[in-house]
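**Student:** After the sequence you'll find the predicted model.
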Amino acid sequence: MNTASLPAALSVFGPAGLIGTLLPTEPLSFRYDETWLDTPAALSNKPFNLSKET
């Protein structure tokens with residue numbers, strides 16, 4: 001992946017506010033916001049795969 005063309009980070013928001021930040025690492029990584037992790041809604045999220053299927 002050529003990270004030179006990617007933004008430094010992408011903030012991900014839901015109805016209740018900031019959920020976390022997608023980072024242009026190899027592979028892509030996601031960092032949850034501490035405030036989000038402290039909310040009951042955080043427990044209802046299901047993991048998802050950012051991998052490109054071949």
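**Tutor:** Nice, I can see it.

**Student:** Following the chain onward from the longest strand anywhere in the chain, which element is next?
**Tutor:** Secondary structure of the chain read by DSSP state E shows that its longest strand is strand 17-23. Downstream of strand 17-23, the next assigned helix or strand under DSSP states H and E is strand 29-32.

**Student:** buried residues in the helix or strand that that following strand is followed by?
**Tutor:** Per DSSP H and E, the first helix or strand lying C-terminal to strand 29-32 is helix 34-37. By neighbour count on 16 or more other C-beta atoms under 10 Å, the buried set for helix 34-37 is Trp36. Any C-beta I mention is one placed from the backbone N, CA and C, and that applies to glycine too.

**Student:** what sits up against helix 34-37?
**Tutor:** 16-20, 42 (C-beta atoms under 8 Å, 6 or more residues apart in numbering).

**Student:** Buried among those residues? Make that a ChimeraX selection.
**Tutor:** Per 16+ other C-beta under 10 Å, the buried members of the contacts of helix 34-37 correspond to this ChimeraX selection:
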select :19,20,42
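
**Student:** Quick check: the farthest pair among the contacts of helix 34-37?
**Tutor:** Ala16 and Gly20 (12.3 Å; C-beta to C-beta).

**Student:** thinking again about what came up before, for the contacts of helix 34-37, which one is nearest Ala9?
**Tutor:** Closest approach to Ala9 among the contacts of helix 34-37 (C-beta to C-beta): Gly20, at 9.9 Å.

**Student:** ok, what's across the strand from the closest one?
**Tutor:** Assessed by DSSP bridges, Gly20 has beta-bridge partners Val12, Tyr32.
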